[in-house]
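**Student:** Everything below, folded, please.
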Amino acid sequence: MIPTSGRAFVGGIDVVAHPTAAKQVIGVVPQSNTLDRSLTVWENLYFHGRFLRDVANTSRAEADRLLEQFRLSERGKEPVAALSGAWRSA
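**Tutor:** Numbering: from 1, shown residues only. As a prediction, this is how the structure comes out:
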């Protein structure tokens, strides 16, 4: 959200002027699963990469790399609901 007044800083970074840099210094630990059930496994990885990095090409490559690393490449196009509960919460 763009503030209507005032300024906000995270770790000394202006969140309006440099939103990507501000996101990179914030740690997020959700209390529940944050996967979007309407997206595929790959799309969820890509979405979270874009949220943190905001660079499409890097996020695409990283999503592919992670699927390969965890031997889930064949599952990338499947809906998240196709994963077991353990994989969804990992």
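
**Student:** Do I have it right that residue 22 meets residue 7?
**Tutor:** No - using CB atoms under 8 Å, residue 22 is not in contact with residue 7; the gap is 11.9 Å. C-betas here are computed from N, CA, C, even on glycine.

**Student:** Which of those two has more residues huddled nearby?
**Tutor:** Taking other CB atoms under 10 Å, residue 22 and residue 7 do not tie; residue 22 has more neighbours (18 against 9).

**Student:** quick one: common contacting residues for residue 22 and residue 7?
**Tutor:** residue 14 (CB atoms under 8 Å, 6 or more residues apart in numbering).

**Student:** For the nearest residue to residue 25 once chain neighbours are set aside, give me phi and psi.
**Tutor:** Distance criterion CB to CB, 6 or more residues apart in numbering; nearest residue to residue 25, sequence neighbours excluded, is residue 11 at 4.2 Å. The phi/psi pair for residue 11 (degrees, to the nearest 10) reads phi 60, psi 30.
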